[in-house]
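1. next comes the sequence, and after it the predicted model I'd like to discuss.
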Amino acid sequence: MSITVSIKEMLEAGAHFGHQTKRWNPKMRPYIFTQRNGIHIIDLDQTAAQAKKAANFILETVASGKRVLFVGTKKQARETIAEAAKKADQFYVINRWMGGTLTNFKTIKASIDRMVKLMEMRDNGEFEKLIKKEGLKMARSIEKLEENLGGIREMKKAPGAVILVDPSHEHIAKKEAMRLNIPVVALLDTNCDPDNIDYPIACNDDAIRSIQYFMDLFTEACIEGGKLRDVRIRADQEKSAQRKEEEKKSMPRVREKKMAGNKTRAYTAKKAEHEEGASAEEVETFAKASAEKKEN
């Protein structure tokens, strides 16, 4: 299963427009095609290859049972990123990256638990029992917590990958992911530093249409990865059921062999007893019993 990337659609989205030449990062030189009117033009042939590689990585990450964290706090990217993450059933941070979101998740989880508890109190009507001032204070607390933590409310452990829109702007998230060895996929413009990015995608990381194109691509990768994960789970369940059925069928044969072994041991013991001095009468009785068993 592979994700399709269209250079034509990237051109239409303006993904090839970089920053002004005076604001560039020399480390991005390999991804620049040319410059025009003081603006760097990104080589979309390379971008297409990078995007396809990143999308297939995301697909396989989700297929393996892991979740992905979308991060983009730039104003023009927030809504697009949140919609993509929700559609893909993944985590997201779009307002403010709280320090320690990855590296000190225990503390972040405590804040998430507090948010959930306050929301339950509100929904149960407990705020109505408080004085107006206290109720408003609680409501503002929920609003602030949900704004910063709502997108990671269901996150129980570190994600399998982090997707960044503009790693220069999301440098703290990038450092935390690096520290935990979490693979990073990033949209980076000609002013960014591509170092320590596992899956860099050179593109216009400011234009809404450009960001939308790549978010749609990653959403598709997550959805296809989820389908593949479900197929693998069903296949494993079928194999497990088949093994159990085979074991169940083999049980009668195992019991038959065990009973045959017991008979053989009994015969051997009786024979040895005779050889050690059993009476003729005992031998004759034993012989008759053995003959009858054989006939039956």
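-> Yep, it's here. Numbering: from 1, shown residues only.

2. show the backbone phi and psi for the spatially closest residue to residue 4 that is not a sequence neighbour.
-> Nearest non-adjacent residue to residue 4, counting by Cβ to Cβ, 6 or more residues apart in numbering: residue 52, 8.0 Å away. All C-beta spots, glycine's among them, are computed from the backbone N, C-alpha and C. Here is the backbone geometry of residue 52 (degrees, to the nearest 10): phi -70, psi -40.

3. ok, now how distant is residue 52 from residue 67?
-> Applying Cβ to Cβ, to the nearest Å, the value for residue 52 to residue 67 is 22 Å.

4. looking at those two, which is more packed in?
-> Between residue 52 and residue 67, residue 67 has the larger neighbour count (other Cβ atoms under 10 Å), namely 20 against 17.

5. past the strand or helix carrying residue 109, which element shows up next along the chain?
-> Assigned by DSSP states H and E, residue 109 belongs to helix 105-123. Following helix 105-123 in sequence order, the next helix or strand is helix 132-149 (DSSP H and E).

6. and that following helix, what other elements does it pack with?
-> Applying 3 or more Cβ pairs under 8 Å, 6 or more residues apart in numbering; DSSP states H and E, one finds that helix 132-149 makes contact with helix 105-123.

7. list the buried residues for the helix it packs on?
-> 105, 108, 112, 115, 118 (16 or more other Cβ atoms under 10 Å).

8. skipping adjacent residues, who's closest to the fourth one in space?
-> Looking back up the chat, that one is residue 115. In space, residue 115 is closest to residue 145, 3.9 Å off (Cβ to Cβ, 6+ apart).

9. and the helices in the chain?
-> Remark: helices assigned in the chain by DSSP state H are 7-12, 44-63, 78-88, 105-123, 132-149, 171-179, 208-275, 280-295.

10. which one, of those, ends up nearest to residue 99?
-> Comparing the helices of the chain by their distance to residue 99 (Cβ to Cβ), the top pick is helix 171-179, with 6.3 Å.

11. which regions of the stretch 51-200 of the chain sit below the pLDDT cut-off?
-> Scanning the stretch 51-200 of the chain for pLDDT under 70 picks out 127-128, 131, 133, 135.
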